[in-house]
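*Asks:* coordinates for the following, if possible.
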Amino acid sequence: MAHRKRNIEAIIHKFLINSATTEEIEFLTEWVKDNKPKFAAQVELHHLISGTLSKERALELKKELLENFETKQGSQKRLIASPIFRYAAIFLLLIAVGLFYVLNKENDEILQQNEVTITLGDGTNKEVAETDSPKMVSRSTAYVAEQKGNTIVYKKVGAIDQEPETLVYNTLYVPYGKKFLVVLSDSTKIHLNSGSSLTYPVIFPNKGPRNVMLRGEGYFEVESDSLRPFYVNTKFLAAEVLGTEFNVSAYEDDQQTRIVLVEGSLNVNKGNSGKVETVQLKPRQMASYSYRENVLTSKNVDISGHVAWKDGVLLFKNEDFYQITKKLERHFNINIDIDEDTIGKERYTGRFETETIEEVLNAFQRIKKFDYAVNNDKIQIINPK
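*Replies:* Residues are numbered from 1 along each chain as shown. Predicted coordinates for the structure are as follows:
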């Protein structure tokens with residue numbers, strides 16, 4: 001029974017990120033008939049951990065979904081009688097309450113704090129202040145989570161082969177100006193960049209997929225496990241690996257999701273109208289998905305510019321100033337406005353480690369003239385007088 005439960009959780013997750021196969025949708029449609037409250041709870045959990053909805057709205061959605069199941073029960077039976085609608089019945093039920101609309105609704109309020117915070121499995125929010133001495137973040141009879149400095153380490157306790165009764169998720173939020181390292185219960189290391197959040201189980205199941213959800217940017221060092229593939233899920237793409245190192249950048253204001261493979265191999269999956277498009281990457285290749293064009297591509301790249309951030313380095317290689325200022329905003333926790341497109345489209349190359357924001361801008365000024373004005377945490381970039 002436990003194995004079946006893990007399978008259905010994985011299928012529900014794939015369905016909610018638009019990557020389930022027709023066969024999995026058929027199975028899910030049949031399962032939902034006798035498990036409506038469980039399905040609604042999984043929908044609620046998905047939105048909470050992916051950051052697409054507030055807790056209050058997720059609860060409302062769960063209630064609406066359950067009510068919709070009851071009111072649509074008769075029409076559902078008629079729809080499933082038709083072979084065409086049999087596989088789509090569950091989609092129609094969800095569309096009736098506007099689920100796919102809210103799936104794409106942006107909600108960046110969770111990242112508008114100044115300190116690293118963590119949301120525990122019971123919904124409790126805690127500030128994670130950096131400390132030189134180890135301290136307990138959370139614990140149960142099955143795991144412990146301990147923090148030291150800018151690192152949290154999760155460790156499974158008790159019997160190694162003991163299966164968790166349910167998957168308990170934590171979510172770590174890293175604001176602008178901060179970086180953080182999470183070591184998961186399987187020893188996978190995840191470096192989180194500024195303005196990012198990661199949702200993950202405190203303990204992974206002994207068999208089946210290891211799923212985490214990312215908003216923003218993370219560098220992953222995944223522990224190899226042939227029985228438990230590792231999935232990094234973003235709003236539009238999912239990276240599937242067994243054990244490897246790679247970088248995922250999925251900031252919504254970048255208009256692109258980029259996955260760069262450092263070593264090993266991985267598959268990048270994109271769901272599209274029930275179909276799954278897959279790109280397999282080799283080391284030093286990047287998969288890129290354009291939000292505007294809805295296109296997934298891959299190419300060879302110099303990986304240094306994509307992964308230097310995890311070592312505290314700002315590395316720009318022939319990047320336009322608009323993209324550079326986005327990275328500076330996250331790194332320094334400031335707002336930068338550019339007055340004219342001509343300045344924003346200029347391209348620069350540079351490497352910075354310990355420089356202040358003023359020193360970085362002064363270095364760029366020597367390449368292409370512009371002026372800037374600083375007002376607290378806001379910087380205005382203007383044409384030279």
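*Asks:* domain parsing for this protein?
*Replies:* 2-103, 109-305, 313-382 (automatic domain parsing).
*Asks:* and those, which one's lowest on average pLDDT?
*Replies:* In terms of mean pLDDT, the lowest-scoring of the domains of the chain is domain 2-103 (a mean of 54).
*Asks:* surely E252 and T234 touch.
*Replies:* No - here E252 lies out of contact with T234, judged by Cβ atoms under 8 Å, at a distance of 9.6 Å. (Each C-beta comes from the backbone N, C-alpha and C, glycine too.)
*Asks:* which stretches in this structure count as helices?
*Replies:* Per DSSP state H, the chain carries helices over the ranges 2-16, 22-34, 36-50, 55-71, 73-81, 83-86, 89-96, 99-103, 304-307, 321-332, 341-344, 357-365.
*Asks:* before we move on, back to that, now the domains of the chain in a markdown table, with mean neighbour count?
*Replies:* Output for the domains of the chain, formatted as a markdown table (neighbours: other Cβ atoms under 10 Å):
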| stretch | mean neighbour count |
| --- | --- |
| domain 2-103 | 16 |
| domain 109-305 | 18 |
| domain 313-382 | 15 |
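*Asks:* next, name the residue at the spatial heart of the chain.
*Replies:* The centroid of the chain falls nearest to L214 when counting by Cα atoms, centre = their mean (1.4 Å).
*Asks:* tell me what that one is bridged to.
*Replies:* Per DSSP bridges, residues listed as beta-bridge partners of L214: L198.
*Asks:* contacts only, for it.
*Replies:* Residues in contact with L214 (Cβ atoms under 8 Å, 6 or more residues apart in numbering) are 196-199, 232-234, 248, 250.
*Asks:* kindly provide the distance from it to V182.
*Replies:* The spacing between L214 and V182, counted by Cβ to Cβ, to the nearest Å, is 11 Å.
*Asks:* now do the shared contacts for these two.
*Replies:* L198.
*Asks:* A239 against N247, yeah?
*Replies:* No - if you go by Cβ under 8 Å, A239 and N247 don't touch, sitting 10.0 Å apart.
*Asks:* so what sits against both of these two?
*Replies:* Residues touching both A239 and N247 (Cβ under 8 Å, 6+ apart) are 220, 259.
*Asks:* do a quick rundown of the strands in the stretch 151-300 of the chain.
*Replies:* Per DSSP state E, counting those that start in this stretch, the stretch 151-300 of the chain carries strands over the ranges 151-156, 169-174, 180-183, 189-192, 196-201, 210-221, 230-233, 237-241, 245-250, 256-263, 266-272, 275-281, 285-290, 295-300.
*Asks:* contacting residues around the residue lying closest to E217 once chain neighbours are set aside?
*Replies:* Leaving out its chain neighbours, the residue that sits closest to E217 by Cβ to Cβ, 6 or more residues apart in numbering is N193, at 3.9 Å. When contacts are counted by Cβ under 8 Å, 6+ apart, N193 touches 174, 179, 216-219, 249, 309-310, 330.
*Asks:* what does I381 give?
*Replies:* 321, 325, 336-339, 343, 370-372.
*Asks:* between those residues, which is nearest T29?
*Replies:* T325 (47.1 Å; Cβ to Cβ).
*Asks:* pretty sure the closest one contacts I338?
*Replies:* Yes - counting by Cβ under 8 Å, I338 is a contact partner of T325 at 6.5 Å.
*Asks:* any common contacting residues for the two?
*Replies:* Residues touching both T325 and I338 (Cβ under 8 Å, 6+ apart) are 344, 381.
*Asks:* related to what we said a few turns ago, rebuild the contacts of I381 as CSV, extending it with distance to V276.
*Replies:* Formatted as CSV, the contacts of I381 follow (distance: Cβ to Cβ, whole Å):
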residue, distance to V276
F321, 37
T325, 35
I336, 38
D337, 40
I338, 38
D339, 43
I343, 41
F370, 45
D371, 49
Y372, 46
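*Asks:* go through these and name the one nearest E24.
*Replies:* Closest approach to E24 among the contacts of I381 (Cβ to Cβ): T325, at 42.4 Å.
*Asks:* for the residue nearest to that closest one when sequence neighbours are not counted, list each beta-bridge partner.
*Replies:* Distances taken as Cβ to Cβ, 6+ apart place I336 nearest to T325, at 4.4 Å, with adjacent residues excluded. In this entry, I336 is beta-bridged to I379, by DSSP bridges.
*Asks:* what does the spatially closest residue to K148 that is not a sequence neighbour show for phi and psi?
*Replies:* Nearest residue to K148 in three dimensions, chain neighbours excluded: P134, at 4.6 Å (Cβ to Cβ, 6+ apart). Main-chain dihedrals, P134, degrees, to the nearest 10: phi -60, psi 140.
*Asks:* circling back to that earlier point, mutual contacts of E252 and T234, please.
*Replies:* Counting by Cβ under 8 Å, 6+ apart, the residues touching both E252 and T234 are R215.
*Asks:* show the contacting residues for the residue lying closest to Q380 once chain neighbours are set aside.
*Replies:* In space, Q380 comes closest to A373 once its chain neighbours are excluded; the distance is 4.7 Å by Cβ to Cβ, 6+ apart. Contacts for A373 (Cβ under 8 Å, 6+ apart) come out as 379-380, 382.
*Asks:* isn't T199 right next to N211, touching?
*Replies:* No - using Cβ under 8 Å, T199 is not in contact with N211, being 9.0 Å away.
*Asks:* which residues are common contacts for the two?
*Replies:* With Cβ under 8 Å, 6+ apart, T199 and N211 have no common neighbours.
*Asks:* can I get the strands of the stretch 151-300 of the chain in JSON lines with distance to V128?
*Replies:* Output for these, formatted as JSON lines (distance: least, Cβ to Cβ, whole Å):
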{"stretch": "strand 151-156", "distance to V128": "7"}
{"stretch": "strand 169-174", "distance to V128": "7"}
{"stretch": "strand 180-183", "distance to V128": "8"}
{"stretch": "strand 189-192", "distance to V128": "11"}
{"stretch": "strand 196-201", "distance to V128": "13"}
{"stretch": "strand 210-221", "distance to V128": "16"}
{"stretch": "strand 230-233", "distance to V128": "21"}
{"stretch": "strand 237-241", "distance to V128": "26"}
{"stretch": "strand 245-250", "distance to V128": "22"}
{"stretch": "strand 256-263", "distance to V128": "26"}
{"stretch": "strand 266-272", "distance to V128": "29"}
{"stretch": "strand 275-281", "distance to V128": "32"}
{"stretch": "strand 285-290", "distance to V128": "31"}
{"stretch": "strand 295-300", "distance to V128": "35"}
